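**Student:** Got a sequence here, can you build the structure:
(chains A and B)
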Amino acid sequence: MAAALEVQGIAKSYGGVAAVRGVSFAVQPGEIVALIGPNGAGKSTCFNMIMGQIPVDDGVIRIFGQPTTGLPPRAVWRRGVGRTFQITATFSSMTVAENVQVALLSHRRQLSTCYKFAGAMARDEAERLLDLLGLKAQAGRACGELAYGDLKRLELAVALANDPKLLLLDEPTAGMAPKERVDLMALTTRIARDRTIGVFFTEHDMDVVFEHSDRVMVLDRGALIASGPPQAVRTDPKVRAVYLGEGFDDAGGREGDER
Amino acid sequence: MEFLVVQFLTGLASAASLFLAASGLSIIFGVTRIVNFAHGAFYMLGAYVAVTLTEWWDGPLGFWGGVLVAAIAVAVLGALTEVSLLRRIYRAPELFQLLATFGLTLMMQDIVLLVWGPVDLIGPRAPGFKGAVQILGQQVPSYELFLIVLGPAVLAVLWLLFHRTRWGVLVRAATQDRDMVAALGVNQKWLFTSVFALGIFLAALGGALQLPREAASHNMDLRIIVEVFVVVVIGGLGSVTGAFLAAVIVSELNAFGILILPKISLVLVFIVMAAVLVVRPWGLLGRKEAAPRQVLGATIHPWRPLSQPQRLALAAVLALAACLPFVSGNYLLTVGSEILIFILFAQSLQLLMTVGGLASFGHAAYFGLGSYGAALAAKSLGLPMGIALLAGPVLALAGAFIFGWFSVRLAGVYFAMLTLAFAQIAWSIAFQWVDVTGGDNGILGVWPAALVGTPARFYWFAFVVTVAGVFCLRALTFSPFGYALRAARDSELRAEAIGIDRRRVQLTAFMIAGSFAGIAGALFAYLKGSVFPETLAIPYSVDALVMVLLGGVETVSGAVVGAIVYKALAIWLMSETEMSKLVLGAVIVAIVVLSPKGIVGYLSDIARRTPWLAAWSNKA
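**Tutor:** Below is the predicted model:
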């Protein structure tokens, strides 16, 4: 079976400054992979290149064996990729349920319909998704008045609407309270394992990273310097030197948490 | 050959004033993020004040001193405007800022009329530059040569100002990140005021310096502002050098366009502007703008279709409106038909503005194209009314497709400026292409078929078409397509990440809105029995904007109420006062500053806070 995501030698430079230089890796279906690295390491650039937000200078990206290099985000999404944003991006004039309904309707290619009442379409499925993420009680509320943690969960619900086989999560727990972070990541991994979704995420919270990922990759100055199971990466001297710094201890201390 | 050189020099000379005005607009936008629609009005004011001052004061010092003092005086007025009005709306959505400054433009038009009278005023010639110089055997006025030198000289002075003075450094810093500049302890208020004053000074100077070349007239404000918009779209907002480059390009295109396509010279500018937009959407030297701070219409009260009691109430109102012909005379019925037509026009813009978040400042283009489509089909092709009425929206649809294809590549103020420029181009084609459109004389004798030939019957006809049209537009708002359009407005990032093609959805909405405006325009042609280029012009576009604003930009169909109130008010004002623009402009400014939610937005707020009313309207 083809890898959910396969990246070969992608590179990007901004005016002579190499942000990402020849990064290669793969994410298998059902595998949960974290990408960590200090600020400015090129995590977001990597992320946005995979999603098609910014074009690659070099390299190839394959999703389930099909090259997607150069495709716009909406086309990548059609290949079964869901994503969330570092700073939540939702439709603030709609209710929570409507946010999910729009994504569902888009998945069903019904968004060019001009006459039916959209608020009554895909209602059940939207509610199932909201229920899954514990947002059912909020379904009728305006999305603009949600708490930040709920917005993050809404984003995940929207990302799940196209029944993705690959999830790209850009700092899924940024800006949330510690308790919420653990809950959300536990939920995410449970859903991913149930549905064999490959998950690729970046995160600053080391608790989240080491607890929930099958594999951790470390990016530094645009290049991968380590990759492996959390325990191996945690004890890798190169990683400790470059990224985790002196203050990091084996108990999973919070020194690396840059929030 | 010699002639071409002279034509080239004329173009360069015209670029000077245009550059002064455009650079002023650009500098103001760079720091305050306000596109100052009133810039053209200050330009015109500069010219008029200079006429008066140079009449009072004699001699060379009188002329040059008069020009300079005029520019300074207008700049002081500009600073006062900034302090009293603009400071209140820096945090408002872009559309409101554009509208408020447009309101100022309207007020200024009547004030100029009041002070200087309706006649064009010819200014004095410039002392020291009265003669002509022989160049390649052709006579070139020496004042033209002066202007050719002046443009680059002003550019150089501005460059020195921005790079060699502390104030200039602050301005450049504020252009890049004004919050950071504020955090560093700079008094933003006075920085903004001084920048605004400088921008207005440049505009007024540009206007005053045009005097030896052309008379001060009442249409110079709108004419220059459209050209300025074209210049900043080509050159890039916020870039002074870009403004210079684009001013030269546009002026040369105008100078040579007259030779190549004497009938429709503006088309040449349009083609170049379109080409630039495709290659560099943010202008030759401009940078991509960050997403606007505040999205228009992003309400925290999600829209719902009408509830059962609301539908019953609506049906009652409609039944009453349908009975109008039984109780009123012909004049009132004609007014009623006109209001109905404008309801449809305004509602079509509401779809674009509030659902799509696209504030078109040139929506009259499609209204006017609808009028011309119907009139041409009826008069030139001799088609019956039924078919001619369809020809209107078809032509509007075609226009909306062509203009919309370019416009949706941009957003925010660029979108507003571009749609305005396109409407102006459509207007100038209708105005200049006399063989087809009859030019200024318009097309006369577009009379409705006998079936709807009486005022009462026409009223009913317009009633049915408008009610059906508004119903369709509302249904569209709540359809999946409407949701996709709102999704693209709320968050382009998220919309693209769930498979929505923003440009395609917005272009479709643009074409739909254009078609419905076209239907309204076609009806309008039959109501009036004639079509004139004015139907495509800026005032009609602004009428539609104000109707939507008055009704409420956060509502689904506040435009209906806005259109009724505004149109009735305008017709009444026109019969009561000569100074209708002054009142209208003041009303616009007042709405923006005092009640940006509009009538329907205001009433819905009250309804939500009144328990029994809220319960009643929420009943399923």
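**Student:** can you pull the buried residues of the longest helix seen in chain B?
**Tutor:** Using DSSP state H to assign secondary structure, the helix with the most residues in chain B is helix B:2-32. When neighbours are counted by 16 or more other CB atoms under 10 Å in any protein chain shown, the buried residues of helix B:2-32 are found to be B:6-7, B:9-32. C-betas here are computed from N, CA, C, even on glycine.
**Student:** Check stretch B:56-72 too.
**Tutor:** Applying 16+ other CB under 10 Å to stretch B:56-72 flags B:Gly62, B:Phe63, B:Gly66, B:Val67, B:Leu68, B:Val69, B:Ala70, B:Ala71, B:Ile72 as buried.
**Student:** Contacts for that stretch next, please.
**Tutor:** Among residues not part of stretch B:56-72, those counted as contacts by CB atoms under 8 Å, 6 or more residues apart in numbering or on different chains are B:46, B:49-50, B:53-54, B:124, B:126-128, B:201-202, B:204-205, B:208-209, B:211.
**Student:** pLDDT of it, averaged?
**Tutor:** Mean pLDDT, computed over stretch B:56-72, is 88.
**Student:** One more: stretch B:387-403?
**Tutor:** For stretch B:387-403, the mean pLDDT works out to 96.
**Student:** do the same with stretch B:554-562
**Tutor:** Confidence for stretch B:554-562, expressed as mean pLDDT, is 88.
**Student:** where are the low-confidence patches of the chain?
**Tutor:** No chain was given, so I picked chain A. Low-confidence segments of chain A (pLDDT under 70): A:1, A:243-259.
**Student:** hm, I was asking about chain B
**Tutor:** Within chain B, the segments meeting pLDDT under 70 span B:262-265, B:289-300, B:617-620.
**Student:** ok, the residue located most distally from the centre of chain A to B:Pro480 distance?
**Tutor:** Farthest-out residue of chain A from its mean C-alpha position, per CA atoms, centre = their mean: A:Tyr115, at 34.5 Å. Computed as CB to CB, to the nearest Å, the A:Tyr115 to B:Pro480 distance reads 9 Å.
**Student:** cool, and B:Phe431?
**Tutor:** The separation that B:Phe431 has from B:Pro480, given CB to CB, amounts to 41 Å.
**Student:** Neighbour count: those two, which is higher?
**Tutor:** Neighbours per residue (other CB atoms under 10 Å in any protein chain shown) separate B:Phe431 from B:Pro480, with B:Pro480 holding more: 26 against 19.
**Student:** Next to chain B in this structure, residues from the stretch 1-150 of chain A, please.
**Tutor:** A:51, A:72-74, A:77-78, A:83, A:85, A:89-95, A:98, A:101-103, A:105-107, A:110-119, A:121, A:142, A:144-145 (CB under 8 Å from any CB of the partner chain).
**Student:** what residues are up against the residue in chain B sticking out farthest from the centre?
**Tutor:** Computed with CA atoms, centre = their mean, the maximum C-alpha offset from the centroid of chain B is found at B:Gly137, amounting to 43.4 Å. With contacts defined as CB under 8 Å, 6+ apart, B:Gly137 is in contact with B:Glu2.
**Student:** Then the one 10 residues further on?
**Tutor:** The neighbourhood of B:Leu147, defined by CB under 8 Å, 6+ apart, consists of B:Leu12, B:Ala13, B:Ser14, B:Ala16, B:Ser17, B:Leu209, B:Arg213.
**Student:** Might one say that the first one is in contact with B:Phe146?
**Tutor:** Just to be clear, that refers to B:Leu12. No: between B:Leu12 and B:Phe146 there is no contact, the gap being 11.3 Å when judged by CB atoms under 8 Å.
**Student:** Dump the contacts of B:Leu147 into a markdown table; add distance to chain A as well.
**Tutor:** Supplementary listing: these in a markdown table, determined by distance: CB to the nearest CB, whole Å:
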| residue | distance to chain A |
| --- | --- |
| B:Leu12 | 35 |
| B:Ala13 | 39 |
| B:Ser14 | 37 |
| B:Ala16 | 35 |
| B:Ser17 | 37 |
| B:Leu209 | 40 |
| B:Arg213 | 44 |
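**Student:** Next, give me the two most distant ones among those residues.
**Tutor:** Farthest pair in these (CB to CB) is B:Leu12 and B:Leu209. Separation: 14.1 Å.
**Student:** which SS class is the residue nearest to the spatial centre of chain A?
**Tutor:** For chain A, the residue lying nearest the average C-alpha position, counting by CA atoms, centre = their mean, turns out to be A:Leu169 (1.0 Å). With DSSP: H, G, I helix; E, B strand; the rest coil as the basis, A:Leu169 sits in strand.
**Student:** Equivalent analysis for B:Gly482, please.
**Tutor:** Three-state call for B:Gly482 (three-state DSSP): helix.
**Student:** my read: it touches B:Cys472, true?
**Tutor:** No: with the criterion set as CB under 8 Å, B:Gly482 and B:Cys472 do not qualify as a contacting pair; they are 11.3 Å apart.
**Student:** And the two? Which one has more around it.
**Tutor:** When B:Gly482 and B:Cys472 are compared for neighbours, B:Gly482 comes out ahead with 25 against 18, by other CB under 10 Å.
**Student:** which one is the more buried one nearest to, not counting chain neighbours?
**Tutor:** Distances taken as CB to CB, 6 or more residues apart in numbering or on different chains place B:Leu476 nearest to B:Gly482, at 5.3 Å, with adjacent residues excluded.
**Student:** thought the one you found was touching B:Leu352?
**Tutor:** No: taking CB under 8 Å as the contact criterion, B:Leu476 and B:Leu352 are not neighbours in contact, 11.3 Å apart.
**Student:** And the helices in chain A?
**Tutor:** Taking DSSP H as the test, the helices found in chain A are A:43-51, A:73-78, A:96-107, A:123-132, A:148-159, A:178-194, A:206-212, A:230-235, A:237-239.
**Student:** would you turn those helices into TSV with mean neighbour count and distance to B:His301?
**Tutor:** Compiled in TSV, these are given as follows (neighbours: other CB atoms under 10 Å in any protein chain shown; distance: least, CB to CB, whole Å):
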stretch	mean neighbour count	distance to B:His301
helix A:43-51	22	32
helix A:73-78	20	29
helix A:96-107	27	13
helix A:123-132	17	20
helix A:148-159	23	18
helix A:178-194	17	27
helix A:206-212	20	36
helix A:230-235	16	46
helix A:237-239	14	50
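**Student:** between those, which one is nearest to B:Glu227?
**Tutor:** Across those, B:Glu227 has its closest neighbour in helix A:73-78 (37.5 Å, CB to CB).
**Student:** and that closest one, what does it pack onto?
**Tutor:** helix A:43-51, helix B:492-497 (3 or more CB pairs under 8 Å, 6 or more residues apart in numbering or on different chains; DSSP states H and E).
**Student:** So which bits of chain B are right by chain A?
**Tutor:** Within chain B, the positions near chain A by CB under 8 Å from any CB are B:295, B:297-305, B:475-476, B:478-484, B:486-487, B:489-491, B:493-501, B:505, B:508.
**Student:** can you pull out the strands in the stretch 1-150 of chain A?
**Tutor:** Taking DSSP state E, counting those that start in this stretch as the test, the strands found in the stretch 1-150 of chain A are A:5-14, A:17-27, A:32-36, A:58-63, A:66-67, A:81-84.
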